[in-house]
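Enquirer: any chance you can model this:
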Amino acid sequence: MKDLLSNLVLGTALIKKGNFTMKFTKKHQIVKSWVALVVAGTYTVEQVPKLFNLRDVVIEVLSEQTTEPKGE
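Expert: From the prediction side, this is the model:
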């Protein structure tokens, strides 16, 4: 419990200082989920949250999917 509290305090301090940034990659489940939601037409790219670089990675994955040749 002490470690959890310590980590929360440290994380809060870093966020307040602006030293904390999250970098999503194509492998993150949240990126895969948003790509699937956009492809399915449930949401648009503009509706993907501007959370760190989430929207940018989703756009990158979607653009790669449209430029890849379709298998026959």
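
Enquirer: can you pull the contacts of the most centrally placed residue in the chain?
Expert: Nearest residue to the geometric centre of the chain (Cα atoms, centre = their mean): Leu54, 3.1 Å. Listed by Cβ atoms under 8 Å, 6 or more residues apart in numbering, the contact set of Leu54 reads 24, 30-31, 34, 48. For the C-beta atoms, the positions are set from N, CA and C on the backbone; glycine is no exception.

Enquirer: output the lowest mean pLDDT helix or strand found in this protein.
Expert: Lowest by mean pLDDT, DSSP states H and E among the helices and strands of the chain is helix 2-17, with a mean of 69.

Enquirer: which residues does the helix or strand following that one contact?
Expert: Later in the chain than helix 2-17, the nearest helix or strand by DSSP states H and E is helix 29-40. By Cβ under 8 Å, 6+ apart, the list of residues contacting helix 29-40 from outside reads 24-26, 43-45, 48, 54, 57-58, 61-62, 65.

Enquirer: and helix 29-40, average pLDDT?
Expert: For helix 29-40, the mean pLDDT works out to 96.

Enquirer: and it, which residues are buried?
Expert: 31, 34-35, 38 (16 or more other Cβ atoms under 10 Å).

Enquirer: over to the residue nearest to the centre of the chain: give its phi and psi.
Expert: phi -60, psi -50 (degrees, to the nearest 10).

Enquirer: pLDDT value on it, please?
Expert: For Leu54, pLDDT reads 94.

Enquirer: try the one 5 residues further on
Expert: Here, the pLDDT recorded for Ile59 equals 97.

Enquirer: quick check, it in contact with Glu46.
Expert: No. Assessed by Cβ atoms under 8 Å, Ile59 is found out of contact with Glu46, at 10.4 Å.

Enquirer: of these two, give the one with the bigger neighbour count.
Expert: Of the pair Ile59 and Glu46, Ile59 is the one with more neighbours under other Cβ atoms under 10 Å, namely 14 against 8.

Enquirer: from Thr25, how far off is the closest residue to that one other than its chain neighbours?
Expert: Nearest non-adjacent residue to Ile59, counting by Cβ to Cβ, 6 or more residues apart in numbering: Val45, 6.0 Å away. Going from Val45 to Thr25 by Cβ to Cβ, to the nearest Å gives 18 Å.

Enquirer: right, I'll call it a day here.
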